[in-house]
Each structure stands twice: as structure tokens, then as C-alpha cells.
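K.L.:
The sequence and its predicted three-dimensional model are supplied below.
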Amino acid sequence: MGILEKFFPAKTAITSETIKAEIDYSESEIKRLQAEIGPKLAAIATMTDAEHVKTEADIAATKRAIARLDSRIALLNDQLPTVLAAEGAAAKATADAALRALAEACRKANEKEAAKLLAAYDEHASAIGGIIAKLKAMDGEREAINAQLRTNDVCEPVRSYVDIHRTTPGTDATEQRAKVPCWVYRYPGSPPDTKETKYQYEAPREDVRRATIGSDGEPVRGATEIHNYYGREIIITPTLEKREMVVSRNRAQPPRYEDSLNGVLLPPAFAGGKWHWPRQ
């Protein structure tokens with residue numbers, strides 16, 4: 001990388017990025033220098049001999065600078081693949097070392113730490129299997145006693161530990177009622193019969209609507225209604241009254257049963273070991 005060091009200040013880290021930046025800078029300098037040549041030649045017709053000589057010398061110097069920059073770009077582009085390859089190899093070596101370290105830590109965990117964890121599992125799983133076995137025996141005894149009680153009901157049947165301890169009771173549907181402000185719309189029944197007209201009987205009725213409470217805490221007035229009363233329109237004006245209504249409801253919730261412990265699987269921790277549950 002000796003030739004590259006000549007293009008950069010001392011102690012500069014020479015990387016693919018610094019090389020690309022130098023190529024970009026050199027290319028922009030070439031464009032800037034090329035742009036200077038045109039204006040220098042524009043006024044050649046009015047130059048004196050001395051001015052002409054000086055302008056040609058300036059242009060020649062500019063072209064030499066452009067040639068040097070072209071050469072620099074060519075050298076940098078020639079060296080860039082080598083630098084990129086070296087960086088790729090270094091990055092791969094770093095990634096490989098990190099992967100080897102992870103693999104070694106994982107190998108140690110599986111060979112040593114896992115053995116301790118499996119031994120602890122065997123200890124606890126054995127205890128849990130014993131608990132499940134006792135619960136199963138207890139439930140079997142309950143079923144046998146309840147079978148006897150069905151023919152000799154000297155006391156109530158024995159409840160299962162599942163019903164007592166492992167079931168969340170359900171709840172019934174409930175509703176709460178209270179007297180609240182309501183707008184009551186009263187509609188008249190059918191008018192009395194006349195000699196000319198007989199009416200189908202219709203009893204007076206009322207429509208109760210819960211009042212909306214405004215921001216001032218007062219009921220918002222209910223709107224009047226135009227009611228078609230046997231061919232003529234009448235206005236129904238509601239009256240504010242307190243009526244009992246359902247103000248809240250709760251849906252029924254069924255009981256929830258936890259999964260059966262008999263379905264638990266507790267295999268051995270080590271190859272060739274014994275099952276903790278179900279026990280064989």
C-alpha cells in the first residue's frame with residue numbers, strides 16, 4: 001500500500017471509503033479545472049502578445065494538473081479492488097472469530113450447564129409426578145365413596161378437588177334497575193264511535209324514553225312529536241317523570257375449568273431414565 005500513502009496525509013487510515021472519497025474529489029477538481037479553460041480562451045482575440053503567452057502558459061499548467069489528477073484517479077481505481085478484498089477478508093475473519101466464540105459458549109452450555117439443569121428437572125419432575133399421583137389416588141377414592149353414598153346416602157357426596165380448587169365459578173346474568181328521569185310520551189286511544197264511523201278499539205299507550213342528562217346536570221328536553229291520529233295530526237308533548245328502568249346489565253359467565261393434571265407429560269431428563277408422569 002506504499003504508493004497509496006503518497007496520496008493521503010500522514011497517519012490517515014487508508015480504507016476503501018477514503019480512496020473513494022479521494023477519487024470523487026479528484027473528479028470534481030478535473031471538472032472545475034476544465035471549466036476554467038474556456039473563459040481563458042474566450043478573450044484571446046483582444047490579447048497582447050505577452051497576455052497570449054501568459055494565457056497559454058496558464059492553460060498548459062491547468063492541463064498538466066488535469067493530467068496528474070487523471071493519473072491519480074487511475075492509480076486509485078487500480079488499488080481499490082485490493083483494498084476492498086483486504087477489508088472483506090478482515091471482516092470475514094472478525095465474523096468467523098465471533099461465530100467460533102458463540103459456538104464455544106453454546107457447546108459449553110449444552111455439555112455442562114444443561115446437565116445441571118436436567119438433574120434439577122429430574123428432581124422437581126419426580127416431586128411433581130408424586131403430587132399428581134397422590135391427587136389421582138385421592139380422586140379415585142372420592143369416586144368410590146360417592147358410589148357407596150348413592151346407595152346409602154348418609155351424607156352429601158364428596159366434592160372433587162377440581163371443583164373446589166381448580167374451577168372458577170360462573171356468574172349469572174344480572175341487571176340493575178333504578179328510577180331515573182324519563183320523558184314519557186302519551187298517545188291517546190281510539191276515539192269514541194259515532195253514528196257515521198266505527199273505530200277499531202285501540203287502548204291509550206305511553207312510550208317511556210330515558211332522558212339524556214346535559215352538561216349542566218339537567219335532563220335535555222325531549223322533542224315534541226307530530227302524531228297521525230286517525231287522519232288528523234296532533235302534537236304529543238312529553239312529560240318528565242322518574243321511571244324505573246334497567247341501568248346496567250352483566251352477561252352470564254360460564255365456569256372455567258383448568259386443564260387436567262392427568263394430561264401433564266413429564267418425560268425423563270436423561271436418556272434411559274424413567275418417566276415422572278405418567279408413571280410406567
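P.N.:
Great, that's in hand. All values derive from a computational prediction rather than experimental measurement.
K.L.:
Tell me the secondary structure at Y25.
P.N.:
helix (DSSP: H, G, I helix; E, B strand; the rest coil).
K.L.:
burial measure for it, as a count.
P.N.:
Using other C-beta atoms under 10 Å as the criterion, Y25 is surrounded by 13 other residues. For the C-beta atoms, the positions are set from N, CA and C on the backbone; glycine is no exception.
K.L.:
and the gap between it and D70?
P.N.:
Relative to D70, Y25 is positioned 14 Å away (C-beta to C-beta, to the nearest Å).
K.L.:
Excluding covalently adjacent residues, which one is nearest to H52?
P.N.:
I44 (6.5 Å; C-beta to C-beta, 6 or more residues apart in numbering).
K.L.:
Spit out the contact partners of the closest residue to Y201 other than its chain neighbours.
P.N.:
Nearest residue to Y201, sequence neighbours excluded (C-beta to C-beta, 6+ apart): S190, at 5.6 Å. With contact set as C-beta atoms under 8 Å, 6 or more residues apart in numbering, S190 has these partners: Y199, Q200, Y201, E202, Y230.
K.L.:
the strands in the stretch 101-250 of the chain, which residues?
P.N.:
167-168, 174-187, 205-210, 225-229, 232-236, 239-250 (DSSP state E, counting those that start in this stretch).
K.L.:
looking at these, which is closest to G273?
P.N.:
Closest to G273 of the strands of the stretch 101-250 of the chain, according to C-beta to C-beta: strand 167-168, at 34.2 Å.
K.L.:
I figured T62 hits I37, correct?
P.N.:
Yes: contact criterion C-beta atoms under 8 Å: T62 and I37 qualify, at 5.9 Å.
K.L.:
gap between E156 and I145?
P.N.:
E156 is 11 Å from I145, by C-beta to C-beta.
K.L.:
what residue ranges in the stretch 101-250 of the chain score low on pLDDT?
P.N.:
Within the stretch 101-250 of the chain, no range satisfies pLDDT under 70.
K.L.:
how about the helices in it?
P.N.:
Ranges of helices in the stretch 101-250 of the chain, per DSSP state H, counting those that start in this stretch, are 114-151, 161-165.
K.L.:
Reformat the ones you listed into JSON lines and put distance to E51 and mean neighbour count next to each item.
P.N.:
Shown next, in JSON lines, are the helices of the stretch 101-250 of the chain (distance: least, C-beta to C-beta, whole Å; neighbours: other C-beta atoms under 10 Å):
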{"stretch": "helix 114-151", "distance to E51": "89", "mean neighbour count": "13"}
{"stretch": "helix 161-165", "distance to E51": "109", "mean neighbour count": "12"}
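K.L.:
I'd like the ones you listed written out as CSV, with distance to A105 added.
P.N.:
Shown next, in CSV, are the helices of the stretch 101-250 of the chain (distance: least, C-beta to C-beta, whole Å):
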stretch, distance to A105
helix 114-151, 13
helix 161-165, 43
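K.L.:
Between these, which one is closest to P278.
P.N.:
That would be helix 114-151 among the helices of the stretch 101-250 of the chain, by C-beta to C-beta, at 8.4 Å.
K.L.:
packing partners for that closest one?
P.N.:
Applying 3 or more C-beta pairs under 8 Å, 6 or more residues apart in numbering; DSSP states H and E, one finds that helix 114-151 makes contact with helix 161-165.
K.L.:
Count the neighbours of A95 for me.
P.N.:
For A95, using other C-beta under 10 Å, the count is 10.
K.L.:
One more: E87?
P.N.:
13.
K.L.:
With L33 instead?
P.N.:
15.
K.L.:
now do V83
P.N.:
V83 has 19 nearby residues by other C-beta under 10 Å.
K.L.:
excluding its backbone neighbours, what's nearest it?
P.N.:
S16 (5.0 Å).
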